[in-house]
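*Asks:* Sequence and predicted structure below; questions after.
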Amino acid sequence: MSATWGEKFKVTVFGESHGAAIGAVIEGLPAGFRPDFAAVDAMMARRSAKGKEKMATARAEGDEYEVLSGLFNGCATGTPLCVVIRNKDTHSPDYERMRYLMRPGHSDWGYYVKEGGFNDYRGGGHSSGRLTAPLVFAGALAAQLLAQKGVRVGAHIAEIAGEADRRFSPVAPELDEVKECGTLDNAAWERMRTAILAAAEQGDSVGGVIECAVTGLPAGVGEPFFDSMESRLAHMLFSVPAVKGVQFGKGYALTRMRGSEANDPFRMSGGKVVTATNNNGGILGGISTGMPVLFDVAIKPTSSIFLPQDTVDVQKMENARLQVRGRHDACIAVRAAAVIEAAAAIAVCDMVK
């Protein structure tokens, strides 16, 4: 199996949820580039969501990373950079009794068939959300390269369990207004938090929506058809575990508009061509318009819930009942904004570098 994405900014992820380590190999960092590791740490901390009570897993991984290659005297050498994150808090016995019980909502069945029963069933193995840690590391570096070109990427939790935050301004996204909790509005976070904890108390989980914006991107980025900006972004975004939907701009709401409403009128402003609205999310014909690129990402409810569920025992080939144990998020979306931000940064960096 391949676990590599990109052409000019290439990322390979490796490892398993309960293996010795996870990590990434990043190609395309220019020689002399000096990473800001404080910014990397901040983004990694957002993904880990420590201190979020029952909303994030109790698994106490610090996500400390070690750069093994591609860095000398604090600067990138231009050769592949390899980063490793050791797994230190694994409870693999939690999964031994579920080896042949296919967990609903998980990749167990697909991997079991694909790998002929030799799949790593501990915590989801290679398909685990744990692999988003090295993805965020790579995305943090990509974001720094983009910042050198005046391009910024930001995301917030737009919705959890039907509780909605206010949306970014479509023509001027307020990236600096995202609060530490992950929303633009503190009151919205409190409503989300209440819904998450209510589901957790019942042994259940909830999903959410992440809104992401890319600002400062010039017009003309992207290729028609197979390498359109939407195609490349969607490819990367759907690679993130638990993502089940992506829409650009107004997305499905465009189908309920007339063309006179959906079209974004062009006009001149400060000597630049802009659009008065941004219903199409800054992309037309697969190519950036120079307006902010806006998209939503749907995150499904955490598959590992503590309620009894129907499944099958593939060793006995008979119906069975399963009650998952272990340590799991009640809502993946709490941690997803940083991951989506990182994924978008990687994809955009590959297109503009």
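*Replies:* Yep, it's here.
*Asks:* other SSEs contacting the helix or strand hosting M236?
*Replies:* If you go by DSSP states H and E, M236 is part of helix 229-237. The elements that helix 229-237 packs onto, with contact taken as 3 or more C-beta pairs under 8 Å, 6 or more residues apart in numbering; DSSP states H and E, are strand 243-248, strand 293-299, helix 333-352. In this view, the C-beta of every residue, glycine as well, is placed from N, C-alpha and C.
*Asks:* Could you say which one of the ones you listed comes nearest to R167?
*Replies:* Smallest distance to R167 across the helices and strands packed on helix 229-237 (C-beta to C-beta): 8.9 Å, for strand 293-299.
*Asks:* right, so the helices and strands packed on helix 229-237: which one is the most enclosed?
*Replies:* Comparing the helices and strands packed on helix 229-237 by mean neighbour count (mean count of other C-beta atoms under 10 Å), helix 333-352 ranks first with a mean of 27.
*Asks:* Which other helices and strands does it contact?
*Replies:* With contacts taken as 3+ C-beta pairs under 8 Å, 6+ apart, helix 333-352 sits against helix 37-48, helix 132-147, strand 152-160, strand 208-215, helix 229-237, strand 293-299.
*Asks:* so where's the stretch 51-200 of the chain uncertain?
*Replies:* Applying pLDDT under 70 to the stretch 51-200 of the chain picks out residues 51-61, 89-94, 123, 125.
*Asks:* about what we covered before: okay if I get the helices and strands packed on helix 229-237 as a markdown table plus mean pLDDT?
*Replies:* Converted to a markdown table, the helices and strands packed on helix 229-237 look like this (pLDDT from 0 to 100):
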| stretch | mean pLDDT |
| --- | --- |
| strand 243-248 | 98 |
| strand 293-299 | 98 |
| helix 333-352 | 97 |
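*Asks:* Determine which of the ones you listed approaches G182 most closely.
*Replies:* When these are compared by C-beta to C-beta, helix 333-352 sits nearest G182, at 5.3 Å.
*Asks:* ok, now which ones touch G286?
*Replies:* Neighbouring residues of G286 by C-beta atoms under 8 Å, 6 or more residues apart in numbering: G222, E223, P224, F225, D227, S228, M229, E230, S231.
*Asks:* now swap in R166 and tell me
*Replies:* By C-beta under 8 Å, 6+ apart, the contact set of R166 is L184, D185, A188.
*Asks:* With respect to R267, which of those is nearest?
*Replies:* Closest to R267, out of all of these and judged by C-beta to C-beta, is L184, at 27.1 Å.
*Asks:* thought that closest one was touching H156?
*Replies:* Yes - in this structure L184 lies within contact range of H156 using C-beta atoms under 8 Å: 5.5 Å.
*Asks:* ok, those two, which is more surrounded?
*Replies:* H156 (29 against 21; other C-beta atoms under 10 Å).
*Asks:* How much space separates the more buried one from A298?
*Replies:* Distance from H156 to A298, counting by C-beta to C-beta, to the nearest Å: 15 Å.
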